[in-house]
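*Asks:* coordinates only, sequence not included:
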């Protein structure tokens, strides 16, 4: 039998460990994966939709992300489309984690040891379960796929540094160019890549005696030229993906993006490298120390103070043991941190994920050198005692796995979005309730895709007209003669994606008729999940006292009392006002808050002024309420909390026992609703 070369055996071992680490990460991501659309990212609904239709995402376009998402969304045989795109983030995130182990172990000085492998595994797992990267690996976003591409790029560069073949350098340059289609900020790593290339090339130069040989010098010159040509060809081939953007510029419907549509070379520049000028270098130099403190706090949140300390120790270890790799990795790290501490964005934390990826390598070096020191101390302390290699390896494995369980358990609840069904539940009920032939106003552009998704992917309810899908600037003529509904507070909407100010009569009544689940906090949420009916006539409200204040519930109607999870209840509440204090109502199912509103659905002040509030009458509220599809089955207490601004705090009022059943799997229900064509309309409440 042919013996396996030790180097090959080590290679197989490292590939096996990388695969195991990547699979463990993927298992965690898949268990906590968002099942479909989500507000965890402000762009998430757009990034879940655009790949399926091969549309054009917001600047800088993300062509590679779009193409990969197309493959996942079109060819996976399970789940709905948004779920498949979410799964792409989990797969690419796990690829990045496995790649991180391989990068670290290849940067480690030879000969490799169990300690070095344990340190590399620890760094990879701590990064995998860090809160920010984990959060991006369970939703439709570009950051986890970008880490997957960054890992592949670095692996190719390291492979070239070991054998100096031009074809491998071409592969590295191709991957680098392609990675820009996941996140264009990767272009900032070019100086570090260039410096590393020069260090490798010139460190391999022949000695003085050899350099006198003309043939050898000429050969080396040819190698350098071939390398430059290979790098240029590979990078340009990868970067050519952006020429696809002008071909799809006609699919844009975002008012802000259309101002710099990539319809020509100048437009292509504005849409890519010239995008978000107001976000860059947005802070004066005197504020940079404060911005650096913000970054350091984000780093602490990922790895803790111990992880920061190990990373600092690892930086020195890397410098003295692998100086070429030190300049590569630290150069990349400094560019990412320097650029984004000066970047103005409300979700700033996600832009530092590449820096966290690199810090995990520094952390691994620090863990290795610390373990080496501890082992040397123990060896001197227990002279003559030698532990079998199997025992040592087992102890290291237990230490690595045990340590990685800390961030895994600490961050699980924060990043477990496997029950985040609020958007799908809301729209499933919305499409069922809307009458035929109505207009549905939504946010425009990027922020309208929670509604656009259903039309573009499933052609749901083609009889319902979505003005902001076809144009960012619909006119009042588009709505003439139609009954109007809205998923946004159309009369007060502001900011990106807002409707034109003249789109509707400002005197219409905006009557809430359907409430979706309203979690108390959710990153990226632009507005509550609500369906409004816009009417020229006021709702049927009447009150005892025009002073808005504390209230007494004098009647309630609920239907049905047995409801399928993901469906909705019809609620009628009757109130008598008692005192002039502001009152909000929280609707609860068990311990879960489903929605919050002011008594009178926020319409009482206008109603009192324009219609009048005869004494001796009572307020009636009537609306639909979505029961989340993640609700536990069985009998649940349905209650209200009255929240006042005074000392009374909250007053709980028990209403009924509701039985929640599951007659259909959640995804099956979503897909069934998605394919609605012309259902028999149900009459919405007044």
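*Replies:* Arrived safely, thanks for sending. What you see is a predicted model; the values in this text were computed from it and never measured.

*Asks:* which residues touch stretch 76-83?
*Replies:* Outside stretch 76-83, the residues that touch it by C-beta atoms under 8 Å, 6 or more residues apart in numbering are 33-37, 45, 48-49, 52, 73, 84, 87, 140, 424, 453, 457, 667, 670-671, 674. (Each C-beta comes from the backbone N, C-alpha and C, glycine too.)

*Asks:* Okay, and which of the residues you listed map to helices?
*Replies:* 45, 48-49, 52, 73, 84, 87, 424, 453, 457, 667, 670-671, 674 (DSSP state H).

*Asks:* thinking again about what came up before, list buried residues within the contacts of stretch 76-83.
*Replies:* 33-37, 45, 48-49, 52, 73, 84, 87, 140, 424, 453, 457, 667, 670, 674 (16 or more other C-beta atoms under 10 Å).

*Asks:* Give me the buried positions along the helix or strand encompassing residue 23.
*Replies:* For residue 23, the host element (DSSP states H and E) is helix 6-31. Going by neighbour count (16+ other C-beta under 10 Å), the buried part of helix 6-31 is 14, 17, 18, 21, 22, 24, 25, 26, 28, 29, 30.

*Asks:* what does stretch 601-614 give?
*Replies:* 601, 603, 604, 607, 608, 611, 613.

*Asks:* so can I have JSON lines of those showing secondary structure?
*Replies:* Below are these laid out as JSON lines (DSSP: H, G, I helix; E, B strand; the rest coil):
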{"residue": "601", "secondary structure": "coil"}
{"residue": "603", "secondary structure": "coil"}
{"residue": "604", "secondary structure": "helix"}
{"residue": "607", "secondary structure": "helix"}
{"residue": "608", "secondary structure": "helix"}
{"residue": "611", "secondary structure": "coil"}
{"residue": "613", "secondary structure": "coil"}
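
*Asks:* tell me which of those is nearest to residue 186?
*Replies:* Nearest to residue 186 among the buried residues of stretch 601-614, counting by C-beta to C-beta, is residue 601 at 48.2 Å.

*Asks:* Now do that closest one, the pLDDT please.
*Replies:* Here, the pLDDT recorded for residue 601 equals 85.

*Asks:* got it, and residue 524?
*Replies:* 50.

*Asks:* what's the answer for residue 392, then?
*Replies:* For residue 392, pLDDT reads 74.

*Asks:* Surely residue 634 touches residue 659?
*Replies:* Yes. The pair residue 634 and residue 659 qualifies as a contact (C-beta atoms under 8 Å) at a distance of 7.0 Å.

*Asks:* Downstream of the helix or strand of the chain with the lowest mean pLDDT, the next helix or strand is which one?
*Replies:* Least confident helix or strand of the chain, by mean pLDDT, DSSP states H and E, is helix 208-211 with a mean of 47. Next helix or strand after helix 208-211 toward the C-terminus (DSSP H and E): helix 214-239.

*Asks:* What is that next one packed up against?
*Replies:* helix 166-179, helix 190-203 (3 or more C-beta pairs under 8 Å, 6 or more residues apart in numbering; DSSP states H and E).

*Asks:* From the chain's centroid, how far away is it?
*Replies:* Relative to the centre of its chain, helix 214-239 is centred 39 Å away, using C-alpha atoms, centre = their mean, to the nearest Å.

*Asks:* so how far is residue 127 from the closest residue to residue 18 other than its chain neighbours?
*Replies:* The shortest distance from residue 18 to any non-neighbouring residue, by C-beta to C-beta, 6 or more residues apart in numbering, is to residue 98 (4.2 Å). According to C-beta to C-beta, to the nearest Å, residue 98 and residue 127 sit 11 Å apart.

*Asks:* What of residue 561?
*Replies:* 49 Å.
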